[in-house]
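Asks: Fold the following for me, if possible:
(2 chains)
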Amino acid sequence: MSSTGELLQDTLDKIEQQCGYSTMRLPLVADYFINLGFELDLERDQELDREPDNGCDRLSTN
Amino acid sequence: MDAIDFQLIEAIQNGLPICSRPYLQLGKGLSLSEQQVIDQLAALRQQGLVKRLGVIVNHRQLGYRENAMVVLNIPDYNVAEVGGQISQFSFINLCYQRPRQGDRWPYNLYFMIHGKSRGRVLNQLGHLLETCSLKQMAREVLFSKQCFKQRGALYKQAPEQII
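Replies: Predicted coordinates for the structure are as follows:
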């Protein structure tokens, strides 16, 4: 029986073969916080929906 | 974990049965009573093996479509501390470290902000970067364009289901 690591490798290899694109392998090193749920504060959402006002108007910087 | 624990996790990994007494229903397939299922799940929660049982909403259908994965290049000596700081913000759902891929992909710290408007998400990001003194750090902000698939992990699958 394949180990989980071998299975993952096989799966990624097959995805690459089927898609025709190479993948970047970025395994998890450390998790600091993982919470797949999030607060749904629907009333407050409308109040807070506004344009950026703190100078963070660029999507990226290098 | 014993065999029953594995069977129970396998039984709930796709969600609870939608009926008035889901634990009773689960127990029927595992030769357990309703109370035994509840107790076993409570034990798994106490051990931290199950984080929680809850409803999974389709956040995109609720309007949360401006979802940003932010990646930063943080010096290795500082990444755990910065990751801990970022995790304290209530609007952060995920924060973790992955290896860099040289110049091709120099980022090692990832976090995610879900939102209904891009403006709000960028506001929150700006606040975080300012508070953590990260405004000068190299980063990319990757807003989701299309969701092809999203689901929780499966911990046990039949071999033919893997691919």
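Asks: For chain B, which segments are assigned as strands?
Replies: B:68-72, B:92-97, B:109-113, B:139-143 (DSSP state E).
Asks: can you pull up the bridge partners for residue B:113?
Replies: Counting by DSSP bridges, residue B:113 forms beta bridges with residue B:68, residue B:92.
Asks: In contact with it, which residues are there?
Replies: B:67, B:68, B:70, B:91, B:92, B:93, B:121, B:124, B:125 (CB atoms under 8 Å, 6 or more residues apart in numbering or on different chains). (Glycine included, C-beta is placed from N, CA and C.)
Asks: Throw those residues into JSON lines and include pLDDT, thanks.
Replies: Formatted as JSON lines, the contacts of residue B:113 follow (pLDDT from 0 to 100):
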{"residue": "B:67", "pLDDT": "93"}
{"residue": "B:68", "pLDDT": "96"}
{"residue": "B:70", "pLDDT": "98"}
{"residue": "B:91", "pLDDT": "91"}
{"residue": "B:92", "pLDDT": "93"}
{"residue": "B:93", "pLDDT": "87"}
{"residue": "B:121", "pLDDT": "95"}
{"residue": "B:124", "pLDDT": "96"}
{"residue": "B:125", "pLDDT": "97"}
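Asks: Report the two of these separated the most.
Replies: B:93 and B:125 (13.2 Å; CB to CB).
Asks: Neighbour count for these two, which is higher?
Replies: residue B:125 (24 against 19; other CB atoms under 10 Å in any protein chain shown).
Asks: Test my guess that the more buried one contacts residue B:71.
Replies: No - using CB atoms under 8 Å, residue B:125 is not in contact with residue B:71, being 11.9 Å away.
Asks: okay if I get the contacts of residue B:113 as CSV plus distance to residue B:136?
Replies: Output for those, formatted as CSV (distance: CB to CB, whole Å):
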residue, distance to residue B:136
B:67, 25
B:68, 19
B:70, 15
B:91, 22
B:92, 20
B:93, 25
B:121, 20
B:124, 19
B:125, 14
